[in-house]
Every structure is written in structure tokens, then in C-alpha cells.
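> mind folding the following:
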Amino acid sequence: MPNSSSGDVLHFGAVRFRVNGSGNLNVSINSLHNVRINNLFDIPMSVFSDIEPLDLANFSNQRGQIRVGTSSIGESFVISKIVVFTKFIYSGYPQ
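Now for the predicted structure:
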């Protein structure tokens with residue numbers, strides 16, 4: 001497993017959620033300080049679901065943060081599991 005403190009560059013390929021709620025879940029992968037933002041597809045939620053939706057991504061950076069939320073007042077969600085699919089691609093940016 002790459003060491004993120006050494007400057008390794010990772011490819012974020014997908015995010016899988018176990019989520020229940022109402023409305024749509026807005027998902028994005030952001031770099032540090034929101035310099036780069038990759039908005040993913042919205043995930044439609046339901047109160048009862050046996051499906052863990054997979055949201056594909058194409059984002060490469062040293063670090064990434066997953067941001068989730070809803071776009072309307074009154075929508076709510078409960079996330080009980082998040083799996084982020086990453087792959088090591090570079091040991092650092094070219095000098």
C-alpha cells in the first residue's frame with residue numbers, strides 16, 4: 001500500500017456507498033483545499049434498499065476527500081459504509 005505522506009499519486013476510480021434516505025445524494029471527490037473538484041453522478045436514495053450503489057470516478061491526486069450532501073431542504077441520508085477504490089499510479093509528480 002502506498003504511503004500518502006510521501007507524495008504518492010493515486011487514481012480514485014470509484015466510490016461505493018451503503019446509504020438510506022430520501023432524495024438524491026450529491027457526491028464529489030475534491031483535492032486538498034478544493035483546488036480540483038470531480039462531481040460524480042447523483043445517487044437516488046430510498047428508505048429501504050438492498051443495493052450498494054457504485055459511483056464511477058476519474059480523479060488523480062495525492063490526496064482526495066469525498067463530499068456528500070443533498071440539494072433540497074428536507075432530504076436526509078444515513079451512510080453506514082463507504083468504500084473508495086484507489087490505485088497507486090506514481091511515486092510523485094515530476095520535478
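
> after the helix or strand of the chain with the lowest mean pLDDT, next one along is what?
In the chain, no helix or strand scores lower on mean pLDDT, DSSP states H and E than strand 43-44, which sits at a mean of 88. Proceeding N to C from strand 43-44, the next assigned helix or strand is strand 54-61, under DSSP states H and E.

> in that following strand, what counts as buried?
Counting neighbours by 16 or more other C-beta atoms under 10 Å, one finds that the buried residues in strand 54-61 are Asp55, Ala57, Phe59, Ser60, Asn61. (Glycine included, C-beta is placed from N, CA and C.)

> could you list every helix and strand that it packs against?
In this structure, strand 54-61 makes packing contacts with strand 9-21, strand 24-30, strand 37-39, judged by 3 or more C-beta pairs under 8 Å, 6 or more residues apart in numbering; DSSP states H and E.

> any idea which of these is most buried?
strand 24-30 (a mean of 19; mean count of other C-beta atoms under 10 Å).

> which secondary structure elements does that one sit against?
strand 9-21, strand 37-39, strand 43-44, strand 54-61, strand 65-69.
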